[in-house]
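Asker: coords please:
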Amino acid sequence: MENHINTVKSFVENRLIEKNTLISIVYPLMEINFKSILDKIRDGSDVFFFSEKPNEGITILGIDSTFDISIYGDDRVTKTAEAISKIEQNFIHNWNEFELSLPLFVGGMKFSANESDELWNSFADSDWFIPKFLFIELNNKAYLTYNFFIDSSDKGGYEKELQKAYKLINIVDRDRRTTINNWITSTNKDDIEEKINWNEKVNTALSKIESGEVQKIVLSRQIIIELKNKGNISCIVEKLAERYPGCNIFAYRKNGSIFFGASPEKLAKISNGWIEADALAGSISRSGDPIKDDNLAEELLSSEKNLEEQQVVVSFIVNSFSKFCDEIIYEENPIIRKLPNIQHLWTPIRAKLKSPKSIFSILEEIHPTPAICGVPWTNALYSIKEMENHNRGLFSGMIGWFNFNNEGEFAVAIRSALMKEKTVYAFAGCGIVRGSDPDNEFEESELKLKPILSLFENETIYQL
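Answerer: Numbers count the residues shown, from 1 in each chain. Have a look, this model is predicted:
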């Protein structure tokens, strides 16, 4: 810790730095036990943001806030960009000493604006923060980043603040585990009314499609789960990472609410002048029998209904990219993306940016995609708000990070849930197009709820 404090002091004291300057100092660590840190802060009140991509060896954990952006309303994207620009000009760092370009802002944006009901009142429509402490594991190397404003720290302040971070790193009894039975005590998942209401909504959506009002509507379900014990987020993300290593595992806590999940869908990854996205639509179950599993995949690849749904998403992303990209690369035919409980049609799309374009001007063009909303966007969104009796909040919104180098990565916030104490609100959506069957779509939603439900249902969750 002493070396880190000296690094901060040297960086600041050897420069003529104006007040209100944002400073980011990164320092290498020997190792980080993220699950242990999460367990230590689980009963606290500080905001935190966790993201892990197990297959890529990338994990970040931002704790406490140095700077917040919380915007409500239809102009949330514009106002978010304005708030960012106010501090961008007064930002200095030592990242180049380690040849790093790191996350700076972390957070998320809701599916649509003006969703500030009681369930989602912990989060703004556009909610981002610069963590005071950012723990990072990248390419088998560990780092701690300390972000602060020069006018809010003095010589003694560096040591006091960094002591907080190093207390979290100090791991005691790492291998000691006790079990807690995180059983579901009640849920509305199997209520008859739940399926009746779903079928009515799907049939209404099909009528809108038949009349030409929309081409596609993505409808979602909200399932309420009551737990025997308060959910342990360190155990939850550990279990999700074990089961879904190809997904983006995330957890975002603010004001006592934790939004978490395992998203298989990349909304956008922007770096080195390129942007990447996933077109992910059309679903079918898995089988433990490899032959049956392959047959299911072939059935999905030959399904006219699912192929049409996939093509709508591909066309939307390609058309959006064409507004600010020169070269767009993707295969005409989708491939299969296999997850442990479900398989999807998948088209990875990559494009070269014409010129530097701000992160939020890009996000405004590509979110929400037809995979989570519908076509045409305005009519589909209106229908969703009219038909769904719950607000989606961050579900099917975006979750991720960005920095001032025009780099960022954002996942579509699906396969997700909101946790408040012992209550979990799980969400799943299905794309309704011509030819959709209410019963089949209900079964698909059950598959998509499984990643969350299986964390608790007939499972033993471990506590560090």
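Asker: In contact with the residue nearest the centre of the chain, which residues?
Answerer: In the chain, the residue lying closest to the centroid (CA atoms, centre = their mean) is residue 399, at 3.2 Å. Residues in contact with residue 399, defined by CB atoms under 8 Å, 6 or more residues apart in numbering, are 51, 107-108, 248, 250, 252, 259, 261, 263, 410-411, 413. Any C-beta I mention is one placed from the backbone N, CA and C, and that applies to glycine too.
Asker: Show me the shaky parts of the stretch 151-300 of the chain.
Answerer: For the stretch 151-300 of the chain, applying pLDDT under 70 flags the ranges 151-156, 171-181.
Asker: one more time with 50, if that's ok
Answerer: Low-confidence segments of the stretch 151-300 of the chain, defined by pLDDT under 50: 172-180.
Asker: ok, which stretches of it are helices?
Answerer: Secondary structure of the stretch 151-300 of the chain (DSSP state H, counting those that start in this stretch): helices at 155-169, 192-210, 233-243, 290-301.
Asker: Most tightly packed of the ones you listed?
Answerer: helix 233-243 (a mean of 21; mean count of other CB atoms under 10 Å).
Asker: rewinding a little: the residue nearest to the centre of the chain: which element?
Answerer: Per DSSP states H and E, residue 399 falls inside strand 398-402.
Asker: And residue 143, by the same measure?
Answerer: Counting by DSSP H and E, residue 143 is found in strand 141-149.
Asker: Centre of the chain to that strand, how far?
Answerer: 21 Å (CA atoms, centre = their mean, to the nearest Å).
Asker: Show the model's pLDDT score for residue 461.
Answerer: Listed pLDDT for residue 461 reads 42.
Asker: quick one: contacts for residue 70?
Answerer: So residue 70 contacts 124, 126-127 (CB under 8 Å, 6+ apart).
Asker: who does whichever helix or strand it is part of pair up with?
Answerer: Here residue 70 sits within strand 58-71, counting by DSSP H and E. Partners of strand 58-71 in the sheet, by DSSP bridges, are strand 48-53 (antiparallel), strand 126-138 (antiparallel).
Asker: from the chain's centre, how far out does that strand sit?
Answerer: That offset, for strand 58-71, works out to 13 Å (CA atoms, centre = their mean).
Asker: could you check the angle strand 141-149 makes with it?
Answerer: Strand 58-71 and strand 141-149 are oriented at 20 degrees to each other (axes from the mean of the first three to the mean of the last three CA atoms, to 10 degrees).
Asker: Quick check: next helix or strand after strand 58-71?
Answerer: Assigned by DSSP H and E, the successor of strand 58-71 is helix 76-88.
Asker: CA atoms only for that next one, dumped as PDB, please.
Answerer: Output in PDB follows, covering the C-alpha atoms of helix 76-88 (Å, rounded to 0.1, in the frame of the first residue of the first chain):
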ATOM      1  CA  ARG A  76     -31.200  11.400 -21.200                       C
ATOM      2  CA  VAL A  77     -28.600  10.500 -23.900                       C
ATOM      3  CA  THR A  78     -27.900  14.200 -24.800                       C
ATOM      4  CA  LYS A  79     -27.700  15.200 -21.100                       C
ATOM      5  CA  THR A  80     -25.500  12.300 -20.300                       C
ATOM      6  CA  ALA A  81     -23.100  13.300 -23.000                       C
ATOM      7  CA  GLU A  82     -23.100  16.900 -21.800                       C
ATOM      8  CA  ALA A  83     -22.300  15.900 -18.300                       C
ATOM      9  CA  ILE A  84     -19.400  13.800 -19.500                       C
ATOM     10  CA  SER A  85     -17.900  16.600 -21.600                       C
ATOM     11  CA  LYS A  86     -17.800  18.900 -18.600                       C
ATOM     12  CA  ILE A  87     -15.100  16.900 -16.900                       C
ATOM     13  CA  GLU A  88     -13.400  15.300 -20.000                       C
END
